[in-house]
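**Student:** With the sequence up front, the predicted model follows.
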Amino acid sequence: MQRIAVVPGSFDPVTRGHLDVIERAAGLYDELHVVVVHNPDKNALLPIAQRVSLIEQSIEEAGIAGRVVVASWSMGLLVDYCTDVGATVLVKGIRSQVDVAYETPMAIVNRHLAGVETVFLLPDPANAHVSSSLVRQVSALGGDVTPYVPPAVADFLAGARIP
């Protein structure tokens, strides 16, 4: 039986922390789907199509493109996407106890709704402080984001005007 997992997120934009989780998860499962999801609680900076493109470029740069499917999902429950592709696992990166508190109820509901388990991966300590919102703020104020994002994202942000 093929082991299929999904790494969901808003990825606005994808960071080195996200990429670390994606690379490690790709080594644990036969097929990995990275899914850009719409989060109604967040005001997105980048359109979903741009986020998908930046993830595709970043995983290509990382050398794992052949093992990872990048998609988006904006209608319905994430576990519906999992069911559609045969995934039985969601992989989430956890940076702190705040993330654990936020993710745990969703993990329980996803297991209850569709039998989809959630696996938490701890970040590389070098990336534990990195978040998309931090990257957006540093970029908007003219700071160097290259330590925090893959090269494709740094190049994109350098050419973009971030409000």
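**Tutor:** Great, that's in hand. Numbering: from 1, shown residues only.
**Student:** Settle this for me: residue 70 is touching residue 57, isn't it.
**Tutor:** No: in this structure residue 70 lies outside contact range of residue 57 using Cβ atoms under 8 Å: 9.9 Å. (Glycine included, C-beta is placed from N, CA and C.)
**Student:** higher neighbour count, those two?
**Tutor:** A direct count of neighbours by other Cβ atoms under 10 Å for residue 70 and residue 57 places residue 70 higher, at 23 against 19.
**Student:** Doesn't residue 157 lie inside a helix?
**Tutor:** Yes: under DSSP: H, G, I helix; E, B strand; the rest coil, residue 157 sits within a helix.
**Student:** I'd like to know how far the closest residue to it other than its chain neighbours sits from residue 129.
**Tutor:** Spatial nearest neighbour of residue 157, chain neighbours left out: residue 139 (4.7 Å); criterion: Cβ to Cβ, 6 or more residues apart in numbering. To residue 129, residue 139 is 16 Å away according to Cβ to Cβ, to the nearest Å.
**Student:** Looking at these two, which one has more neighbours?
**Tutor:** residue 139 (23 against 12).
**Student:** tell me the phi and psi of residue 31?
**Tutor:** Per-residue torsions, residue 31: phi -140, psi 130 (degrees, to the nearest 10).
**Student:** Bridge partners for it, pull those for me.
**Tutor:** Note on residue 31: beta-bridge partners by DSSP bridges are residue 4.
**Student:** So it is in contact with residue 2, correct?
**Tutor:** Yes: contact status for residue 31 versus residue 2: in contact at 6.3 Å, counting by Cβ under 8 Å.
**Student:** Compare the two (neighbour count), which wins?
**Tutor:** Using other Cβ under 10 Å, the more surrounded residue of residue 31 and residue 2 is residue 31, with 16 against 9.
**Student:** Contact partners for residue 52?
**Tutor:** Applying Cβ atoms under 8 Å, 6 or more residues apart in numbering to residue 52 gives the contacts 36, 70-72.
**Student:** looking at these, which has the most residues close by?
**Tutor:** residue 36 (26 neighbours).
**Student:** Residue 148 belongs to a helix?
**Tutor:** No: counting by three-state DSSP, residue 148 is not found in a helix; it is coil.
**Student:** Name all residues that make contact with it.
**Tutor:** With contact set as Cβ under 8 Å, 6+ apart, residue 148 has these partners: 15-17, 127, 130, 134-135, 138.
**Student:** Contacts made by the longest helix along the chain with the rest, please.
**Tutor:** Assignment by DSSP state H gives helix 97-114 as the longest helix of the chain. For helix 97-114, contacts defined as Cβ under 8 Å, 6+ apart pick out 77-80, 82-83, 90, 92-94, 116-118, 120.
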